[in-house]
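> my questions concern the predicted model and sequence given below.
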Amino acid sequence: MKHAFILILIFASLSVKAQTEKGTLLLGGSGSFQVVTEGGVILNLNPAFGVFVKDNLAIGGSLSFITDFEGTTGLGAGAFIKPYFGKKEKGRFFLNVGASYLHFTDDPDAFIAFNAGAGYAFFLNKSIALELGLHYVEQIESHGIISLGTGFNIHWKRNKKKLAAD
C-alpha cells in the first residue's frame with residue numbers, strides 16, 4: 001500500500017499544470033490553529049468558493065467557523081480577492097485579502113473583520129493545491145491576530161466544448 005501511494009504521488013507530480021486561468025472555479029478553504037497569550041486555543045475553519053475572473057486572479061466568498069473549545073463559537077461570511085504570482089507549474093505564490101461579517105455566541109453585537117495573507121500553493125496535480133500561508137486578521141475595535149495556516153483547494157476548469165454542445 002505504501003508503494004502504491006508513492007507511485008500515485010510520482011504520477012501526480014509529472015502531470016502538474018497550475019489551474020489559475022480565467023474561468024477556473026476554486027473550491028476549498030483554509031484553517032488555522034492559534035495559541036493565544038491567555039493559554040487558550042482557537043480553531044478557525046474557512047470554506048471558500050471563488051472564480052478566476054482573469055488569469056491568476058480569483059474572487060469569491062467564504063464562510064467562517066471559529067471556536068475556542070470553551071463555549072465561545074463564531075460564525076461569519078465574507079468575500080476575498082486572491083491574486084497568484086509566478087509561472088511555475090508545481091506551485092505559485094499568492095496574496096489573499098478579504099473582509100468578513102462575524103457574530104460570536106457570547107457577544108450580542110456582530111462585527112467586521114479584515115484579513116490579509118500571503119503564502120505558497122503547492123499543486124499536487126492539475127486540479128489540487130495545498131497551501132501554506134501567514135495570515136493577519138484585524139477585528140474592528142479589537143486586536144489583530146497573526147497565524148500560520150494551511151489550505152486545500154480544488155481548481156476546477158470547466159470544459160468549454162461540452163458547455164457549447166449543451
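Structure's in. What do you need?

> can you list the residues that contact stretch 144-160?
18-21, 23-34, 44, 48, 117, 119, 121, 126-139 (CB atoms under 8 Å, 6 or more residues apart in numbering). The C-beta positions use only the backbone N, C-alpha and C, and glycine is treated the same way.

> let's see which of those end up in strands.
Applying DSSP state E to the contacts of stretch 144-160, the entries found in strands are 25-34, 44, 48, 117, 119, 121, 128-139.

> which among these count as buried?
Neighbour counting by 16 or more other CB atoms under 10 Å classes 25-30, 32, 34, 44, 48, 117, 119, 121, 128-129, 131, 133, 135, 137 among these as buried.

> for stretch 94-107, buried residues please.
Buried residues in stretch 94-107, counted by 16+ other CB under 10 Å: 94, 96, 98, 100, 102, 104.

> in strands, which of those residues fall?
Among the buried residues of stretch 94-107, the members found in strands (DSSP E) are 94, 96, 98, 100, 102, 104.

> nearest to F69 among those?
Within those, distances to F69 taken as CB to CB reach their minimum at F104, with 13.8 Å.
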